[in-house]
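> turn this into a model:
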Amino acid sequence: MFKKGTAIYSILTGNCPKCQEESMYTFKNPYNLGNTLKINERCSKCNTKYRLEPSFFYGAMYVSYAVGIAFAVAAYVISNLIFQANLQITFISIVVTLVVFMPIIMRLSRNIWINFFIHYDKETFKK
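This next block holds a predicted model:
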C-alpha cells in the first residue's frame, strides 16, 4: 500500500510524484521553519517541473483545511474520548496539535495537491 509507485508513497515522503526518486523539497526537515515550503524548481532525475503555473500551490490551501480538520479530529478523539479530558483541555490539545503539526500539514497538503495533477510514470520508472 505504501510501496514506491503509489500516490500514498509520494504524498507521505514528499518525493517527486512522477519518478519518486528524490524529495521535492530543498530541505527534508519540515521543522526548518524558514524553509518549510522551499521547493526545488525541477526534479533532477526526471526533470518534472513542480510549479506547473505561477500560483499552482494556492489550491493546496483547500487541501490544507481538510488535513487540518483531520488532525483536529484526531486530537479531539485522543484527548476527549480516550483520556476523558474536560472541554478546556480538549480545546487546548486541539490548538497545540494544529500549531505543532502545521509544517507537516502544509507539506502534506502540497504533496496531495501535486499528486492530483502529476502521476507516477510506470512505464518509464520501473521498480
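
> point to the residue nearest the middle of this structure.
Compute the mean C-alpha point of the chain, and by Cα atoms, centre = their mean the closest residue is Leu108, 0.9 Å away.

> next, give phi and psi for that one.
Per-residue torsions, Leu108: phi -60, psi -40 (degrees, to the nearest 10).

> so who does it touch?
Leu108 makes contact with 11, 67, according to Cβ atoms under 8 Å, 6 or more residues apart in numbering. (Glycine included, C-beta is placed from N, CA and C.)

> for Glu22, grab the count of nearby residues.
Look at Glu22: counted by other Cβ atoms under 10 Å, it has 15 neighbours.

> tell me who's in contact with it.
Contacts for Glu22 (Cβ under 8 Å, 6+ apart) come out as 15-16, 43-45.

> backbone phi and psi for it, please?
Glu22 adopts backbone torsions of phi -140, psi 160, taken as degrees, to the nearest 10.

> and Lys49, by the same measure?
Lys49 adopts backbone torsions of phi -80, psi 130, taken as degrees, to the nearest 10.

> if I look at it, how far off is Ile39?
Lys49 is 11 Å from Ile39, where distance means Cβ to Cβ, to the nearest Å.

> what about those two, which has more around it?
Using other Cβ under 10 Å as the criterion, Lys49 and Ile39 rank with Ile39 on top: 17 against 13.

> is the more buried one in a bridge, and if so with what?
Note on Ile39: beta-bridge partners by DSSP bridges are Tyr25.
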